[in-house]
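Undergrad: when you get a sec, could you give me coordinates for this:
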Amino acid sequence: MAWLSEFYLKHPAAETMEYSVFRHLNGAGLSGVAFKDQNSKKKVISHLSAKGESTIPELAELLNISVPKTKELLTSLLNEGLVKDSGRKTEGIGRRATIYSLDPESCYFLGIEIKKYKINIGLMSFNAELIDSSMDIPFTFSDGNESLDAIIEELQGFLTNIPVPKEKILGLGLSLAGRINVKTSKILSIYHFGNAPVKEKLEEAFHLPVYIDNDSRTLAYGEYHFGKSGLPYREKNVCIVNLDYGIAVGIFANGGPIYGASGYAGEIGHIPMFNNEKICFCGKKGCLETEASGLALIDFLTAKIKKGSSSRLQKVLAKKGIIELEDILEAVRFGDNLAIEGVAEIAYNLGKGLAVIINLLNPELIVLGGMLSGFGELLLLPVKTSIMQHSLSLVNSDTRVTLSTVNQKAALPGCCLLVRNKILGLI
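TA: Just a heads-up that it's a prediction; the model follows:
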């Protein structure tokens, strides 16, 4: 990838043997047979990452090439230290085939997730297993440069305790809310860090290529690859909705993420759907987010309480001055009628927005993730009802709508995996 090559030009000392292997895997400067072989290697890595292990005949069938050619590619990956011999198949008769898998210790990838009041840090092995993490580290975003310094300090502390050689860490990912230009790594809203050069400062501090992405995409990527079975979804055309204080959607077409021209694809929350006077965070009026997000839910409940509606959230509002999503989740668990009414209201409005997505993209699957997915069936049922009312029956019959099984836990592994796959050239 061009951005990785630029990193090596700026940081020539960082190009260790491992970096050279990955730079080569990207296919930089290759053509003809060599380029075709590199693409086949990437398919092998992608397959082993998803399935865990495979034999040469199985890989030959996958790649639609001869067994000798497949063996040649695997030998190269073995020599590069990316694949290992994992023994022989135990079932069947006759000569047992050798099993190959990714070598988890060949290299590692760091991810950091910045949330509203905390940060999470994770370390992923080459076989896409999150082997170490530090969760729910208190973090209050303030001045851009000071906040960036605090993040660097937390990362440095994390790295002092990890059980792997630091020289085997090949990339760092940063996941945060807002609009991110993935081409320039510019953070354009919310945690904009003022004039702090986030990418440059992180690369300088850790001598690693840094990849910055939107939290909705990292959550979607993690959900898609580490869903209910711990494996990628079988569906190839999927929309994964991040329902938090705002709304956005990660879109997968033919199994790959859709970024758009600059990385802004999926901003469903800013579709102008309602004729209201509510000013959205984006500055426009009538956005889906003003009637169908976590913030919309909080506004709905706060207004109702101030008008005299009874709710256990009255005490929360009186004590803290605000209501947070965690408070509403707890109220729903206690059967609070007003909280349940609010969830049903925003869920119905959300269904209208998802009807647009269904009519436009005709996805096989829509997954509701993020904090609001914690409302479970209380959210899902009115969403489905609204979708049935507002989308074409011919189209919505193709789409299954379900709740996330990993909820917010998907974003950190998704962030790490995005870094790995970007460096590998898999996406």
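Undergrad: could you list the buried residues of the helix or strand harbouring Cys415?
TA: For Cys415, the host element (DSSP states H and E) is helix 411-424. The neighbour-count check on helix 411-424 (16 or more other C-beta atoms under 10 Å) flags 411-424 as buried. Glycine gets a C-beta too; all of them are placed from N, C-alpha and C.
Undergrad: put the alpha carbons of the helix or strand hosting Tyr224 into PDB.
TA: Using DSSP H and E, Tyr224 sits in helix 215-225. What follows is helix 215-225, C-alpha atoms only, in PDB (Å, rounded to 0.1, in the frame of the first residue of the first chain):
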ATOM      1  CA  ASP A 215     -15.300   3.300  15.400                       C
ATOM      2  CA  SER A 216     -18.300   2.200  13.500                       C
ATOM      3  CA  ARG A 217     -16.100   0.600  10.900                       C
ATOM      4  CA  THR A 218     -13.900  -1.100  13.400                       C
ATOM      5  CA  LEU A 219     -16.900  -2.400  15.300                       C
ATOM      6  CA  ALA A 220     -18.400  -3.600  12.000                       C
ATOM      7  CA  TYR A 221     -15.100  -5.300  11.000                       C
ATOM      8  CA  GLY A 222     -14.900  -7.000  14.400                       C
ATOM      9  CA  GLU A 223     -18.500  -8.100  14.300                       C
ATOM     10  CA  TYR A 224     -18.200  -9.400  10.700                       C
ATOM     11  CA  HIS A 225     -15.000 -11.500  11.500                       C
END
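Undergrad: mind listing residues that contact it?
TA: Helix 215-225 is contacted from outside by 50, 111, 113-115, 128, 173, 175-177, 231-233, 238, 240, 242, 248-252, 257, 259, 263, 266, 367, 369-370, 404, 406, 408-415, 417-418, using C-beta atoms under 8 Å, 6 or more residues apart in numbering.
Undergrad: the inter-axis angle of the helix or strand following it versus helix 215-225?
TA: Sequence-wise, the next helix or strand downstream of helix 215-225 (DSSP H and E) is strand 238-243. With axes from the mean of the first three to the mean of the last three C-alpha atoms, to 10 degrees applied, the angle from strand 238-243 to helix 215-225 works out at 130 degrees.
Undergrad: packing partners for the helix or strand just after strand 238-243?
TA: Downstream of strand 238-243, the next assigned helix or strand under DSSP H and E is strand 247-253. Using 3 or more C-beta pairs under 8 Å, 6 or more residues apart in numbering; DSSP states H and E as the contact test, the elements touching strand 247-253 are helix 215-225, strand 238-243, helix 337-361.
Undergrad: how far off strand 247-253 does the helix holding Cys415 point, in degrees?
TA: Using the same axes, to 10 degrees: helix 411-424 against strand 247-253 is 40 degrees.
Undergrad: could you number the chain from 194 rather than 1 from now on?
TA: Okay, using 194 as the starting number, the last item reads as helix 604-617.
Undergrad: with just CA atoms, put helix 604-617 into CSV.
TA: Extracted in CSV, the C-alpha atoms of helix 604-617 (Å, rounded to 0.1, in the frame of the first residue of the first chain):
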residue,chain,number,x,y,z
ALA,A,604,-14.5,-2.8,18.0
LEU,A,605,-11.1,-3.5,19.6
PRO,A,606,-10.4,-6.8,17.8
GLY,A,607,-11.8,-5.2,14.7
CYS,A,608,-9.3,-2.3,15.0
CYS,A,609,-6.4,-4.8,15.4
LEU,A,610,-7.6,-6.9,12.4
LEU,A,611,-8.0,-3.9,10.2
VAL,A,612,-4.3,-3.0,10.8
ARG,A,613,-3.2,-6.5,10.1
ASN,A,614,-5.2,-6.8,6.9
LYS,A,615,-4.2,-3.3,5.7
ILE,A,616,-0.5,-4.1,6.1
LEU,A,617,-1.0,-7.5,4.4
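Undergrad: that one - contacts with which helices or strands?
TA: helix 210-218, strand 301-307, strand 311-318, strand 323-331, strand 362-369, strand 403-407, helix 408-418.
Undergrad: any chance of the ones you listed in TSV, plus mean pLDDT?
TA: Converted to TSV, the helices and strands packed on helix 604-617 look like this (pLDDT from 0 to 100):
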stretch	mean pLDDT
helix 210-218	50
strand 301-307	94
strand 311-318	94
strand 323-331	93
strand 362-369	93
strand 403-407	90
helix 408-418	91
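Undergrad: out of those, which comes closest to Ala540?
TA: Closest to Ala540 of the helices and strands packed on helix 604-617, according to C-beta to C-beta: helix 408-418, at 18.5 Å.
Undergrad: next one: that closest one to chain centre, how far?
TA: Helix 408-418 sits 2 Å away from the centroid of its parent chain (C-alpha atoms, centre = their mean, to the nearest Å).
Undergrad: ok, back up a step: relative to strand 362-369, how tilted is the helix holding Tyr417?
TA: Going by the same axes, to 10 degrees, helix 408-418 makes 120 degrees with strand 362-369.
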